[in-house]
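Undergrad: Sequence first, predicted model second:
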Amino acid sequence: MVGSAVQEAVEDDVLGYIDDMVTGGEQVDELTEADRKVIGSIVGQLNWAARQCRYDLCYVASLVQQLAGRGKADALKWLAHGVRRAQDSRGRGFPSA
């Protein structure tokens, strides 16, 4: 059950998993099927956040989907950027009273 092990690793530490894939020892140009599943899951979450209130995430989510559709490994780099941006909430939302 390699797919479930990958999914559990991603749920525990999304950025850690992506960073390992991006900065890992061997550089690849193509995505694996497991990479595509992870990307699809995370981009789905970014799209949901973009539709709810984080319109700034629309561009990166679209770009990652396009790159992943072509099988480009650069999708992982942009996905890491998008996740970091989604986690950064400074300057967004309503001020607290």
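TA: Arrived safely. No experiment lies behind these values; they were computed from the predicted model shown.
Undergrad: Run through this structure and note the low-pLDDT ranges.
TA: Segments of the chain classed as low confidence (criterion: pLDDT under 70) are 1-12, 21-28, 89-97.
Undergrad: again, only this time at 50
TA: By pLDDT under 50, the low-scoring segments of the chain are 1-2, 96-97.
Undergrad: Can you find which helix in it contains the most residues?
TA: In the chain, ranked by residue count with DSSP state H as the criterion, the top helix is helix 33-52.
Undergrad: and the residue most central in space within the chain, what helix or strand is that in?
TA: Computing the C-alpha centroid of the chain and ranking residues by C-alpha atoms, centre = their mean puts residue 79 first, at 3.5 Å. Assigned by DSSP states H and E, residue 79 belongs to helix 74-87.
Undergrad: Tell me which residues of that helix come out buried.
TA: Of the residues in helix 74-87, those with enough neighbours to count as buried (16 or more other C-beta atoms under 10 Å) are 75, 76, 77, 78, 79, 80, 82, 83, 86. (C-beta placed from N, C-alpha, C; glycine too.)
Undergrad: need the contact list for the nearest residue to the residue nearest to the centre of the chain once chain neighbours are set aside.
TA: Nearest residue to residue 79, sequence neighbours excluded (C-beta to C-beta, 6 or more residues apart in numbering): residue 64, at 4.9 Å. In this structure, residue 64 makes contact with 39, 43, 46, 75, 78, 79, 82, judged by C-beta atoms under 8 Å, 6 or more residues apart in numbering.
Undergrad: redo that, cut-off 6 Å
TA: If you count contacts by C-beta atoms under 6 Å, 6 or more residues apart in numbering, residue 64 has them with 43, 75, 78, 79.
Undergrad: now swap in residue 30 and tell me
TA: Residue 30 makes contact with residue 71 under the criterion C-beta under 6 Å, 6+ apart.
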